[in-house]
Structure formats: C-alpha cells, structure tokens
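[1] What would the 3D arrangement of this be:
(chains A and B)
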Amino acid sequence: MSNDVRGGEVDLGALLPKEINGWEAKDADVLYDPDTIFDYIDGAGEVYRAYSFQRLLARIYTKDKNPRIIADLFDMGSSKNAYGVFTHDLEGENVGIGQNSTYKGGLLSFWKDRFFVSLYAEEETEETRKALLLLGKIVATSIKQEGEPPTLVDLFPLENLRDKGIRFFYNHLILNYHFFIADENILLLGQETEAALAAYAEGKELLYVLLVRYPGADKAMDAYESFIKTYMPEARDSDILRTENGKWTAVRLKEDLLIIVFDSQSESHAQSIIQRVLEREE
Amino acid sequence: MAKKVITRRDFIRVAALSPLAGAVAHGMKRMKGAFSSGQSRVVLFRDEKALVSFKKPDPEVVQNMLDEAVTTLLEEKGPVEAWKRLVTSSDIVGIKTNVMHYLPTTPEVEQAIKRRLLDVGVPEKNIGIDDRGVRRNPVFQRATAIINARPARTHHWSGIGGCIKNHIMFVPRASAYHPDSCADLAALWKEFNLIDRTKLNILVMLNPQFHTVGPHSYNDKYVWNYKGIMVSRDPVAVDAVGLMIIEAKRREYFGEDLPMQTPAKHIRIADTKHNLGVSDPSRIELIKLGWKEGILI
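    You can find the predicted model right below:
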C-alpha cells in the first residue's frame, strides 16, 4: 500500500481555460510543490501535504469591477489522494461537477481522476457563481479520465450512512479535525496507513465508524494494543465499553484491518455494524 | 436542554488543548523577561465606529482605540507616555505586521503604531513595517524593539493565527514548526531572540475570522464586525483571550458548541511547556473598555 503517483506529468495549465465569461488570466500561472506551497497558502498547505500532493498550479482571473477568481489545481498524485483531500471539506451543495463537488459561498471544489480543484471568487455575486460553475465544468471536462475512490470506503455499510458522511485520510491530525480521539497518535496512523471515518444517523444522534487499514497484521495489532491501552483499558478483554455519555465504543481487529465504532446507543448495534463491515470485507 | 456529559474524548481534549489547562502551569518558572508576576494584563478596546465599512477601518478611530488600550495597559496618563515605556528614541523598531491578502493587519493599524513611535522620537529611518520580508529587511535585522500586530483568525493547521504565530516569518523554514498542528510555535520566540525584543502584542479584532474553509482558509461569510483591538505585553494571554472570543462566536453562529476544526493547543503549550506567557484565564486580568454590545466575553 502506498500513495503512488499514477500517470505521467500533465501540463496543468492546459486543463484551465484562459478566459471565462469575461474573466481573463492575465498574469502568469504559478506552480508550487510541497516545499513551496507555504509561500502561497501558509499552514493550510499541510492539509495538502498530508495527502501527498505533488504540484499545485494557481491561476488568477480578473475582470474589471468584479471580484477576482482564483483557480487552484492540485495534482494529488493518485485518485485516492484526490478523493481524500476532497472529503476534508464537504461544506456546501453538490453541483454535479467532476466525480463529486461542493459549492458554498463562492467556493467550488471538486475532484476527478488524480486532481483536486478549488475555484474561489473573492466575493460571491450571481455573475461569479455562474462563472465558477462554468469554469468548473470546463476543467472537469478537460480532465479526461475518472479515478477510483479508495477501496477502504467500500466497507462502510450503506444503511443510515449520512450524506457526505465519509472522510478518507492518512494522518491522525486530520482524524482529529473531523472526530477528536486523542492528542497523541494512539492509532499509529501515518502515510502508510489508510483510514476512513463515516458518520451514521442513529435516531437523532450520530455514531461514527472508523476503519484503518495497516500495512500488515503486525502493525494493526500494535495499533489495536495502543488504542485499548490508551482509550479503553477497561475493555481489554471485551473490546466493547459503555463510555461516560452512556454510549458504546467497540473495537475489532481482523488481520490488517481495525474497526472502531464510537457512540452507538446500544451494545448490539455497535456489534452489528462491525459484523456488517466484516461481511463487506470478505 | 440535556445536561452535557463529559466523555473521555472531551476530557482528553480539554486536558490537552484548552487554555484552561494552563492552570496546571501555575507557579512554573517562566522564561527570563517573561511575566514573572504570574499574571498578565490584556486590554480590549471596542468602538462601534471603528469601521467605515466591512474590513475598512476608520484611521482616527483606530488611533484612539490603540491609544486608549496602550495607555490603560501601562497605566500612564497618555499614549505617548505609555509608548515611552515600550520604546526609546534610540531604538530601532520593527512593526511585525501581517499581509494575509483577505485579512491583513491593515494600514490603519500600522500607521497608528508608527505615529506613536515617531511621537516617542524614533527616527522614521529606524522604523520598519514588514511581514514576509522580515529576514531580509535591514531594520528588522538590526531591530532592538518589535511591535507585534496581526488580526485574529482561525487557521487550518494551528487552530488560530494570533500573536504567537505572527513571528513565524522570522523562521527560515516555517514548516519546521508545523508538526503536531504547530504545537511548539512558542519555541521560535526563544530561538530567534524575540521574547525580550517584542515590546507589545496587538491582536487586531476589528474583523476576526471564526471559521476556515478552502485552500485559502478564508471566506467573508466567516468574518464579523467585532470592532475591537486587544493589547498585551504577553502574546500568550492576548491569544488566549482572542481564542475565547472566537469560540464564543462559533457557538453563537453555529448554534452549538462546535469545537475548533484544529484545536489551538499551541497557546496552552506556549504557557505550560515554553513558559512564554499565561494562558490560564484565571491569571489573565482582562480590562474591557468601550462598546459592549456583542462583546462575547
């Protein structure tokens, strides 16, 4: 398992038009790599580095008396990285661009193949909204192939899965961003592990399912031990525990796969979700 | 409303991340030149007329806000007397600003600071205003005093960007401080000899940002007209108060106690590990002046 870069170098600039609804790209594009990205977007660059991004092309579109439009085209190296970084920020409505998209407040994001695309209008107007959506469609069309989402997310049972409920990541800081577990990296996450978090509706409440695929059964066992020792030492023999809020946390290890259910309202429901994940794994 | 139950997740989060946890550091030995009394003062001044429009400050009102805040902070009769407590006419002064395109320190704040430095008698040639160029700027290279001024905003990787983080541009390779969501940002203050040289921290709260989206970590939707300026000698204390205000705004906006996307643990760690200042609210003397509506703290 690795974040291999698939395919060769692509002329990122050729994927973007020079003009859109009167907005023109007058300045030269700027290309950033994992070392120089901080010159452009400061610490937020760590999010893209956490998904092993390869290159970023930034292009600014201007039009008289209108807000600027900023196009950021990320070559993430693989489709699962593009999928993952897209799931980092799922605020907004799906506007049907690329393989999945969100639009909110002048920010259109989508992923397709190994690319993650962010199109941002510095102020949202009806004109900028139209231009962003058209620009998005053009870029998505110019990316010819589609990519495969990570296979790990196929293990999530679909029943009661929340819309936009799945996040895919490698890094424990990204996990904590979506669902705080512990300050320390008690699940031993890293670039060689694949992890996915899903939210499920359970009545009016939410429960969370975390899946982690380790590079081998030994590493998975180490992570399981670390989690039990730190998070639920009372459950060393049972792998299930009713926590302080009256809800259940359950963990299961199967070879290189670790499954954890958080905040289930019943013991049996937590166990049944784990069982359904295992059935999909087989 | 159902009573909130503290779970082990909450406990770990609070113990590890919240400025409240700074209480455990009570009595710890502090860095030389830091706040040996064990208590830090922060002055928040708000003025309803601070902005002529969204993100456009009124220069005269801003000057008055800064003057009132600094004068109160240092318990002097007037702003020039107060600034004379911070710098002398022989100092070489760098105003460390922040040029983030969407939410800069603002020229109005920069000029309000510069005016008082000139009033103290610092020659104009010995005053520099810079952000990303501080390592190359001759004034900053020789600076004997630094005034640290930046807006408060949420930040994708460090939780919030405040006065502690503003000195990151003194570091040749900023990413060296990014591990563990920038936990050890305070260490750079010591490494680059910034503790004693930084005479005043100004957290610009005219238009704070309370939520972060997209690669540029910014959207006007998540910025509000708070119309405040906060000052302190202690960068940790002023950031801790700024964080509390931003958290309160998030509760108000989202209608629930929505945790910071990235916990701003570097503030607490600046206190408990690096002894740069005070993060425990019980040891921060917060003086609130001016407009009170929507103060959130």
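[2] And for the residue of the stretch 51-200 of chain A found nearest chain B, the neighbour number?
    In the stretch 51-200 of chain A, the residue found nearest to chain B is residue A:183; the distance is 3.8 Å by Cβ to the nearest Cβ. For glycine as for every other residue, the C-beta is placed from the backbone atoms N, C-alpha and C. By other Cβ atoms under 10 Å in any protein chain shown, 19 other residues sit near residue A:183.
[3] what does residue B:199 give?
    Applying other Cβ under 10 Å, we find 17 residues neighbouring residue B:199.
[4] element containing it?
    Using DSSP states H and E, residue B:199 falls within strand B:198-209.
[5] Which residue comes closest to residue B:104 once chain neighbours are left out?
    Take residue B:104 and drop its neighbours on the chain: the residue closest to it by Cβ to Cβ, 6 or more residues apart in numbering or on different chains is residue B:98, 6.0 Å away.
[6] do residue A:87 as well
    Leaving aside its sequence neighbours, residue A:87 sits nearest to residue A:167 (Cβ to Cβ, 6+ apart; 4.6 Å).
[7] Show residues contacting the strand or helix carrying the one you found.
    Using DSSP H and E, residue A:167 maps to strand A:161-169. The set of residues external to strand A:161-169 that reach it, using Cβ atoms under 8 Å, 6 or more residues apart in numbering or on different chains, is A:50-51, A:80, A:83-84, A:87-88, A:90, A:149-150, A:152-153, A:156, A:174-175, A:178, A:189, A:194-201, A:206.
[8] about what we covered before: for the residue nearest to residue B:104, helix, strand, or coil?
    Residue B:98 carries the three-state label coil when classified by DSSP: H, G, I helix; E, B strand; the rest coil.
[9] quick one, what contacts it?
    Per Cβ under 8 Å, 6+ apart, neighbours of residue B:98: B:104, B:105, B:131, B:149, B:150, B:151, B:161, B:166.
[10] Tell me who's in contact with residue B:125.
    Contacts of residue B:125 by Cβ under 8 Å, 6+ apart: none found.
[11] Using the three-state scheme, assign it.
    Relying on three-state DSSP, one would call residue B:125 helix.
[12] contacting residues around the closest residue to residue A:276 other than its chain neighbours?
    Nearest residue to residue A:276, sequence neighbours excluded (Cβ to Cβ, 6+ apart): residue A:157, at 4.2 Å. By Cβ under 8 Å, 6+ apart, the contact list for residue A:157 reads A:273, A:276, A:277, A:280.
[13] ranges for the helices of chain B?
    For chain B, the helices defined by DSSP state H occupy B:8-17, B:59-74, B:79-86, B:107-120, B:138-142, B:163-166, B:179-182, B:187-191, B:235-254, B:265-272.
[14] got these as a markdown table, with distance to residue A:238, mean pLDDT and mean neighbour count columns?
    As requested, these are exported to a markdown table (distance: least, Cβ to Cβ, whole Å; pLDDT from 0 to 100; neighbours: other Cβ atoms under 10 Å in any protein chain shown):
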| stretch | distance to residue A:238 | mean pLDDT | mean neighbour count |
| --- | --- | --- | --- |
| helix B:8-17 | 16 | 60 | 17 |
| helix B:59-74 | 57 | 98 | 21 |
| helix B:79-86 | 61 | 98 | 19 |
| helix B:107-120 | 58 | 98 | 19 |
| helix B:138-142 | 60 | 98 | 14 |
| helix B:163-166 | 44 | 97 | 29 |
| helix B:179-182 | 32 | 82 | 18 |
| helix B:187-191 | 42 | 96 | 18 |
| helix B:235-254 | 36 | 95 | 23 |
| helix B:265-272 | 32 | 94 | 28 |
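[15] between those, which gets nearest to chain A?
    Closest among the helices of chain B, using Cβ to the nearest Cβ: helix B:8-17, at 3.8 Å.
[16] Need the pLDDT of the residue nearest to residue B:104.
    You'll see residue B:98 listed with a pLDDT of 96.
[17] measure stretch B:290-297 end to end?
    By Cα to Cα, to the nearest Å, the extent of stretch B:290-297 from end to end equals 13 Å.
[18] Can you name the residues in contact with it?
    Applying Cβ under 8 Å, 6+ apart, the contact partners of stretch B:290-297 are B:44-48, B:65, B:68, B:226-228, B:241, B:244-245, B:248-249, B:252, B:286, B:288.
[19] Okay, buried residues for stretch A:267-281 please.
    Applying a neighbour-count criterion of 16 or more other Cβ atoms under 10 Å in any protein chain shown, one finds A:269, A:270, A:271, A:273, A:274, A:276, A:277 buried in stretch A:267-281.
[20] That should have said stretch B:140-160, apologies.
    Neighbour counts over stretch B:140-160 (16+ other Cβ under 10 Å) mark B:140, B:143, B:145-160 as buried.
[21] Narrow those residues to those in strands?
    B:145-155, B:159-160 (DSSP state E).
[22] hang on, the earlier thing: just put the helices of chain B in JSON lines and tack on distance to residue A:23.
    Formatted as JSON lines, those follow (distance: least, Cβ to Cβ, whole Å):
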{"stretch": "helix B:8-17", "distance to residue A:23": "42"}
{"stretch": "helix B:59-74", "distance to residue A:23": "33"}
{"stretch": "helix B:79-86", "distance to residue A:23": "46"}
{"stretch": "helix B:107-120", "distance to residue A:23": "28"}
{"stretch": "helix B:138-142", "distance to residue A:23": "38"}
{"stretch": "helix B:163-166", "distance to residue A:23": "33"}
{"stretch": "helix B:179-182", "distance to residue A:23": "35"}
{"stretch": "helix B:187-191", "distance to residue A:23": "40"}
{"stretch": "helix B:235-254", "distance to residue A:23": "31"}
{"stretch": "helix B:265-272", "distance to residue A:23": "38"}
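[23] Let me know whether residue A:188 touches residue A:221 as I believe.
    No. In this structure, residue A:188 is not within contact of residue A:221 by Cβ atoms under 8 Å, at 10.3 Å.
[24] Among these two, which residue is more densely surrounded?
    Per other Cβ under 10 Å, whichever of residue A:188 and residue A:221 has more neighbours is residue A:188, with 19 against 15.
[25] could you list every residue that touches residue A:259?
    A:209, A:210, A:211, A:251, A:252, A:253, A:274, A:277, A:278.
[26] Tell me which entries of these lie within strands.
    Using DSSP E, A:209, A:210, A:211, A:251, A:252, A:253 are the members of the contacts of residue A:259 that sit in strands.
[27] ok, back up a step: the residue nearest to residue A:276 - that's part of a helix, no?
    No. If the criterion is three-state DSSP, then residue A:157 is coil and not within a helix.
[28] what residues are up against residue A:181?
    A:172, A:175, A:187, A:231, B:9, B:12.
[29] nearest to residue A:63, of those?
    Lowest distance from residue A:63 to the contacts of residue A:181 (Cβ to Cβ) belongs to residue A:175, with 40.7 Å.
[30] Using PDB, write out the CA atom coordinates for the helix or strand where that closest one lies.
    Per DSSP H and E: residue A:175 is located in helix A:172-178. The C-alpha trace of helix A:172-178 is given here as PDB (Å, rounded to 0.1, in the frame of the first residue of the first chain):
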ATOM      1  CA  HIS A 172      -4.100  11.500  12.900                       C
ATOM      2  CA  LEU A 173      -4.300  15.200  12.900                       C
ATOM      3  CA  ILE A 174      -6.800  15.000  10.000                       C
ATOM      4  CA  LEU A 175      -8.700  12.400  12.000                       C
ATOM      5  CA  ASN A 176      -8.800  14.800  15.000                       C
ATOM      6  CA  TYR A 177     -10.000  17.500  12.700                       C
ATOM      7  CA  HIS A 178     -13.200  15.500  12.000                       C
END
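[31] is chain B contacted by that helix?
    Yes. Helix A:172-178 reaches chain B (Cβ under 8 Å from any Cβ of the partner chain) through A:173, A:176, A:177.
[32] now do stretch A:197-212
    No. No part of stretch A:197-212 sits near chain B under the criterion Cβ under 8 Å from any Cβ; the closest distance found is 10.5 Å.
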